[in-house]
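Peer 1: I'd like to go over a predicted model; first the sequence, then the structure.
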Amino acid sequence: MAKNNKKVALTDLSVVELQEKLKDGVEELKKLRFNHTITPLTNPNEIGLLKKEVARMKTELTARKS
């Protein structure tokens, strides 16, 4: 059920909002990876969850282009 809520949230966004959210997600992912390299994160699963969210945003943008 959580997947449906995320998908609905992404489909409700405009293309510009989705691109901005994607940009922010990619930057946050870079920061998390860098911080994890220096000092281990308390919850390294955050990186995987953020990667999946970024992938969902990219998929949504690709679907809208076609």
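Peer 2: Nice, I can see it.

Peer 1: Skip the chain neighbours and tell me the closest residue to Leu10.
Peer 2: Distances taken as CB to CB, 6 or more residues apart in numbering put Glu60 closest to Leu10, at 4.8 Å, once the chain neighbours are dropped. For glycine as for every other residue, the C-beta is placed from the backbone atoms N, C-alpha and C.

Peer 1: now that neighbour: how far from Asp12?
Peer 2: Distance, Glu60 to Asp12, using CB to CB, to the nearest Å: 11 Å.

Peer 1: Those two: who's more crowded?
Peer 2: The residue with more neighbours, out of Glu60 and Asp12, is Glu60; 17 against 9, by other CB atoms under 10 Å.

Peer 1: Surely that one and Ser14 touch.
Peer 2: No: judged on CB atoms under 8 Å, Glu60 makes no contact with Ser14 at a distance of 11.3 Å.
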